[in-house]
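Chemist: what shape does this take:
(2 chains)
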Protein chains: 2
Amino acid sequence: MTNMKTLAKHATIREVGLRDGLQSVATILSTSQKQAWISDAFAAGQREIEVGSFVPPKLMPQLADTAEVLAFAKTMPGLHASVLVPNLKGAERAISGKADLMILPLSASLAHSLANLRKTPDDVVRELALIRAARDAAGSKTLIEGGVGTAWGCTLQGEVAESEVLRLMQALLDAGADRVSLADTVGYANPYSVSKLVEKALKIAGNQFCCGHFHDTRGLALANVAAALQQGVTRFDASLAGIGGCPHAPGASGNASTEDLAFMLEAMGVDTGLDINAMLALRSKVAYWLDGEATHGSMWRAGLPKNFKPTSALSLSIS
Amino acid sequence: MTNMKTLAKHATIREVGLRDGLQSVATILSTSQKQAWISDAFAAGQREIEVGSFVPPKLMPQLADTAEVLAFAKTMPGLHASVLVPNLKGAERAISGKADLMILPLSASLAHSLANLRKTPDDVVRELALIRAARDAAGSKTLIEGGVGTAWGCTLQGEVAESEVLRLMQALLDAGADRVSLADTVGYANPYSVSKLVEKALKIAGNQFCCGHFHDTRGLALANVAAALQQGVTRFDASLAGIGGCPHAPGASGNASTEDLAFMLEAMGVDTGLDINAMLALRSKVAYWLDGEATHGSMWRAGLPKNFKPTSALSLSIS
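Modeler: Model (predicted):
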């Protein structure tokens, strides 16, 4: 465990609002609104954005324009655009759209996996092997991330054994994942359990462990990020205005909020590359588009502390 | 810095909703409502409650019945009842009411101190010496806590130097404080700055350092508690439903929410002695009384995770 004197100098906030966020709200943003979101986020310093999901449009009409949104994102120089893919068919679309990264979600909870994906976790591991073969056969550069969800528990079965999470993470790597990540899909994690599981995950995956994804269902998303950061994790999913969530916890907060997380990291001396005030302006725009939907977070109300010096600005002024 | 493998086995949540919370809302609870709050909190396992403030009733009519509320709290066997006192006059009332503890707030920010208390921080240190003399002369057992506020910054002057916070903490101890504590009055702290300042405060005050008080203005109260806990702090202020706050940040969240903090600690394996479901029932009652006022927190919506085993229950079943 790294203590707070030796935190990483930089961390990346990967925006998932356009996927995890929008899939959970009723409002359907237009393609041009999504493009404006991506442009503004890019201008504010975001360099990693999950732009959508290649699921059947009937299942998720909010994300039906993912191919177009991905094509737009690819026009931003240096933007790393990712998409969620539920299976090989989705992966083929991600490959043909030249996504920089495709994320295959696996649920470590058997009950949750069967209920949500109609597959066992090991079926998903086999799907990843097929995706890897297809990617390699196509000569594609699209990276493959195996995302292990319900890693800290699940609303259906309660506890999920650490050993099962770690076994599935290893299996994803063995099946050809370039990277793996852990997600607290339903907000069951706490700083202690995060610290404990992430330490073990890093031993297995090393620098192939790429991201922590924490939901704020029980108010602990930022505390959990801080715990993972202390273990050496330097990439975190978050969604603007904290949109997203879980159908099993209606009204509960969704993801860690991008703008609050950016503030926490910058205040801790961890450079995110983000202009927090520009992110707050974008948050205000997106919240206006999503009028009537639940939004979350604190920074939009509280603003930056007086005379606050973000780490990003300091490192810019030095370099 | 303690890592998460060696966290304390027990921690105390000191309820400040009846003081810090109620002083910030317009609704005035009746004395019998406050008594019901204290009774229910006691039944749910709370053993430390700040019941009010001995300030002039004209300034804070919400807390005008503090003497009565304190007398009621003193009837609960084993309940440690504290009050805030702004000066010697308030301290004399705390002593005559046989409070277990009186807390004298000091603001480490000179600007904030002059604006809010019309005194310099060093004037407050001198007041503490007068209070100590009066307490000793009365043969009273009421403990004296010097609470250093705006310890991580202030809305008026921005940064507050660590060296000044620590100097004032030492001065309070030298003037006769039995205990000292640190408060992030306006929500400027982050896990890194908490870790850093608390480590130094513990070196100065040792086991006379008694409490961390974190506001959730920027969503970091629980992350800050986790950072202080890792340093070895085992008492935290919190208010039910997160009520409270700061007039300088309208609409912003107030204190760490008692019920969310209890969940975080119990989930981390730190016994709080609290029955979370009983606390949630009390939260619902208090939120009903405060209808129309802003309340906060996540646990009231999300509930406990499936099959959740609180640490308190585990330790009860062992003993």
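Chemist: which stretches of the stretch 51-200 of chain A form strands?
Modeler: Ranges of strands within the stretch 51-200 of chain A are A:80-84, A:101-107, A:143-149, A:179-184, based on DSSP state E, counting those that start in this stretch.
Chemist: same check on the stretch 201-319 of chain A?
Modeler: A:209-214, A:235-238.
Chemist: need these in a markdown table (columns: mean neighbour count).
Modeler: C-beta coordinates here come from the backbone N, C-alpha and C atoms, glycine included. A markdown table is the format used below for the strands of the stretch 201-319 of chain A (neighbours: other Cβ atoms under 10 Å in any protein chain shown):
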| stretch | mean neighbour count |
| --- | --- |
| strand A:209-214 | 25 |
| strand A:235-238 | 26 |
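Chemist: looking at the ones you listed, spot the one closest to residue A:32.
Modeler: When the strands of the stretch 201-319 of chain A are compared by Cβ to Cβ, strand A:235-238 sits nearest residue A:32, at 23.6 Å.
Chemist: could you dump the strands of the stretch 51-200 of chain A to JSON lines with mean pLDDT?
Modeler: Formatted as JSON lines, the strands of the stretch 51-200 of chain A follow (pLDDT from 0 to 100):
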{"stretch": "strand A:80-84", "mean pLDDT": "98"}
{"stretch": "strand A:101-107", "mean pLDDT": "98"}
{"stretch": "strand A:143-149", "mean pLDDT": "98"}
{"stretch": "strand A:179-184", "mean pLDDT": "98"}
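Chemist: quick one: closest of those strands to chain B.
Modeler: Comparing these against chain B with Cβ to the nearest Cβ, the closest turns out to be strand A:179-184 (10.7 Å).
Chemist: quick revisit: export the strands of the stretch 51-200 of chain A to JSON lines and tack on distance to residue B:228?
Modeler: Output for the strands of the stretch 51-200 of chain A, formatted as JSON lines (distance: least, Cβ to Cβ, whole Å):
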{"stretch": "strand A:80-84", "distance to residue B:228": "36"}
{"stretch": "strand A:101-107", "distance to residue B:228": "34"}
{"stretch": "strand A:143-149", "distance to residue B:228": "31"}
{"stretch": "strand A:179-184", "distance to residue B:228": "22"}
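Chemist: any idea which of those gets closest to residue B:38?
Modeler: For residue B:38, the closest of those is strand A:179-184, at 35.5 Å, according to Cβ to Cβ.
Chemist: hmm, who's touching that closest one?
Modeler: With contact meaning Cβ atoms under 8 Å, 6 or more residues apart in numbering or on different chains, strand A:179-184 is reached by A:101, A:103, A:105, A:143-153, A:165, A:169, A:172-173, A:194, A:197-198, A:201, A:205, A:208-215, A:224, A:237.
Chemist: who does it pair up with?
Modeler: Strand pairing for strand A:179-184, using DSSP bridges, gives strand A:143-149 (parallel), strand A:209-214 (parallel).
Chemist: roughly how far is it from the heart of the chain?
Modeler: 9 Å (Cα atoms, centre = their mean, to the nearest Å).
Chemist: so that strand versus strand A:101-107, what angle?
Modeler: Relative orientation of strand A:179-184 and strand A:101-107, computed by axes from the mean of the first three to the mean of the last three Cα atoms, to 10 degrees: 50 degrees.
Chemist: do you know how far residue A:44 is from residue A:37?
Modeler: In this view, residue A:44 and residue A:37 are 11 Å apart by Cβ to Cβ, to the nearest Å.
Chemist: hey, what's in contact with both of the two?
Modeler: By Cβ under 8 Å, 6+ apart, residue A:44 and residue A:37 have these common neighbours: residue A:282.
Chemist: quick one, which of these two is more surrounded?
Modeler: residue A:37 (24 against 20; other Cβ atoms under 10 Å in any protein chain shown).
Chemist: what's the helix or strand for that one?
Modeler: Here residue A:37 sits within helix A:31-43, counting by DSSP states H and E.
Chemist: show me what the mean pLDDT comes to for that helix.
Modeler: Throughout helix A:31-43, pLDDT has a mean value of 98.
Chemist: low-scoring stretches of the stretch 101-250 of chain A, by residue?
Modeler: Counting by pLDDT under 70, the stretch 101-250 of chain A has low-confidence residues at A:246-250.
Chemist: enumerate the residues of it near chain B.
Modeler: Residues of the stretch 101-250 of chain A lying near chain B by Cβ under 8 Å from any Cβ of the partner chain: A:153-159, A:186-188, A:190-193, A:195-196, A:216-220, A:222-223, A:225-227, A:249.
Chemist: gap between residue A:63 and residue A:178?
Modeler: Distance from residue A:63 to residue A:178, by Cβ to Cβ: 23 Å.
Chemist: I meant residue A:30, not that one.
Modeler: From residue A:30 across to residue A:178, the span is 33 Å (Cβ to Cβ).
Chemist: more crowded one of the two?
Modeler: With other Cβ under 10 Å as the criterion, residue A:30 and residue A:178 differ in neighbour count, and residue A:178 comes out ahead with 16 against 10.
Chemist: neighbours around the residue lying closest to that one once chain neighbours are set aside, how many?
Modeler: Residue nearest to residue A:178 in three dimensions, not counting chain neighbours: residue A:143, with 4.6 Å by Cβ to Cβ, 6 or more residues apart in numbering or on different chains. Per other Cβ under 10 Å, the neighbour tally for residue A:143 reads 17.
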